[in-house]
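Peer 1: no letters, just coordinates:
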């Protein structure tokens, strides 16, 4: 099976799709209706479905270009941090999704970085993508054995097809201001 949320590929929020391989047994989600071959009840949100399909098609057509763009921005961000001598650890190795950065700053507080960046108009995250409310060290960071000092100073930065080099410059400038002694 494969589930996808449309907002992850620039579609409308609140809609997604579930691919189920033929022959996979599942139970109905909600009883009472005949929609989706009796797997759920309720009326489909046609406008959101059309928006989702349109976004998915556009992103599939432009996948190579979008990936190259986000990889370029990611490279520029990392190079700028190195050039400014801002010490950090880039988590996840070389085989990661383009534009998704997990950066750890030893001795820093990820929550404090997040809030200061927010005050500067820059949205980032801490912890794992699955848990934006819990401020504990994420199970993902624990699983890759990051020491506690680095884990507490970990932030996630997401870059996408609509981000620019100016956005990267703003992120790096903000991090320099926040992390400089």
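Peer 2: Received the coordinates, thanks. Quick caveat: nothing in here was measured; it's all calculated off a predicted structure. Numbering: from 1, shown residues only.

Peer 1: what residues does stretch 151-169 touch?
Peer 2: With contact meaning CB atoms under 8 Å, 6 or more residues apart in numbering, stretch 151-169 is reached by 10, 62, 66, 69-70, 73-74, 76-77, 80, 91, 99-110, 113-114, 117, 124-127, 129, 137-138, 141-142, 146, 171. (C-beta placed from N, C-alpha, C; glycine too.)

Peer 1: buried residues in that stretch, which are they?
Peer 2: 151, 152, 153, 154, 155, 156, 157, 159, 160, 161, 163, 168 (16 or more other CB atoms under 10 Å).

Peer 1: out of the residues you listed, name the ones that lie in strands.
Peer 2: Filtering the buried residues of stretch 151-169 for membership in strands, criterion DSSP state E, returns 154, 155, 156, 157.

Peer 1: which of those residues sits closest to residue 34?
Peer 2: For these, the residue nearest residue 34 by CB to CB is residue 156; the value is 41.6 Å.

Peer 1: want to throw the buried residues of stretch 151-169 into TSV with pLDDT?
Peer 2: TSV is the format used below for these (pLDDT from 0 to 100):
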residue	pLDDT
151	87
152	90
153	92
154	93
155	95
156	94
157	96
159	96
160	94
161	94
163	97
168	98
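
Peer 1: list buried residues within the contacts of stretch 151-169.
Peer 2: For these, a burial check counting by 16+ other CB under 10 Å picks out 10, 66, 69-70, 73-74, 77, 80, 91, 99, 101-105, 108, 110, 113-114, 117, 124-127, 137-138, 141, 146, 171.

Peer 1: now, these that are in helices?
Peer 2: With DSSP state H as the criterion, helices contain 66, 69-70, 73-74, 77, 80, 110, 113-114, 117, 141, 171 from among the buried ones among the contacts of stretch 151-169.

Peer 1: how is the chain divided into domains?
Peer 2: Per automatic domain parsing, the domain ranges recorded for the chain read 2-61, 65-179.

Peer 1: closest to the centroid, which residue in this structure?
Peer 2: residue 158 (5.2 Å; CA atoms, centre = their mean).

Peer 1: alright, that wraps it up for me.
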